[in-house]
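**Student:** model this:
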Amino acid sequence: MTLDTFLKVLSANPAVAVHLMLPDLSFVPAHFHITEVGRVHKDFIDCGGTIRSTTACVLQVWVAQDFDHRLDTTKLAMVMQLAAPLLKSTDLSVEVEYENETVSLFHVAAAEVTPSGILFHLGTKHTACLAPDQCGVGAVAKPGCAAPGCC
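**Tutor:** Modelled structure (predicted):
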């Protein structure tokens with residue numbers, strides 16, 4: 001999901017609860033905090049020698065013991081508005097950094113309006129060879145995919 005779409009979902013649904021569902025269909029506890037909104041840029045070279053870069057909006061999620069804390073769409077939209085000069089663009093993918101035993105990074109795959117608020121579905125991220133034709137591994141299907149390059 002792009003930041004533009006994410007912001008539109010927040011503004012179209014003011015003052016409702018925000019829920020995060022992990023890829024295993026469990027939920028981030030409802031009293032989570034967004035402790036950081038960041039623009040993360042990575043420059044790298046792939047195994048075939050191509051220089052690449054990615055940039056994303058990363059929301060760091062943290063769960064404390066203040067069980068009465070609840071983040072709603074209006075408050076999250078205000079935080080995102082404060083971060084706008086830092087983010088520089090709304091054409092960024094939105095990712096969630098969350099620690100549950102280990103720190104993991106998930107992409108925001110979809111948003112769903114439910115009776116209890118906005119449910120953001122988080123998806124897994126995968127590693128992949130970006131130059132299979134150059135490094136000799138050929139086209140390889142990712143786990144759970146029916147054919148090479150399908151996911």
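**Student:** drop to CA atoms for contacts and neighbour counts, all remaining ones
**Tutor:** OK.
**Student:** low-scoring pLDDT stretches of the protein, where are they?
**Tutor:** By pLDDT under 70, the weakly predicted segments of the chain are 138-151.
**Student:** what are the ranges of the strands in it?
**Tutor:** 18-21, 32-45, 51-63, 93-100, 102-114, 117-123 (DSSP state E).
**Student:** Now tabulate the ones you listed in CSV and tack on mean neighbour count.
**Tutor:** Listed next are the strands of the chain as CSV, based on neighbours: other C-alpha atoms under 10 Å:
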stretch, mean neighbour count
strand 18-21, 21
strand 32-45, 14
strand 51-63, 17
strand 93-100, 19
strand 102-114, 15
strand 117-123, 20
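**Student:** closest to residue 2 out of those strands?
**Tutor:** Closest approach to residue 2 among those is made by strand 93-100 (4.4 Å; C-alpha to C-alpha).
**Student:** any idea how far the residue positioned nearest the centre of the chain is from residue 125?
**Tutor:** Centre of the chain computed as the mean C-alpha position; nearest residue by C-alpha atoms, centre = their mean is residue 95, 1.8 Å away. Counting by C-alpha to C-alpha, to the nearest Å, the separation of residue 95 from residue 125 is 10 Å.
**Student:** export the strands of the chain to CSV and tack on distance to residue 8?
**Tutor:** Shown next, in CSV, are these (distance: least, C-alpha to C-alpha, whole Å):
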stretch, distance to residue 8
strand 18-21, 14
strand 32-45, 17
strand 51-63, 15
strand 93-100, 13
strand 102-114, 11
strand 117-123, 12
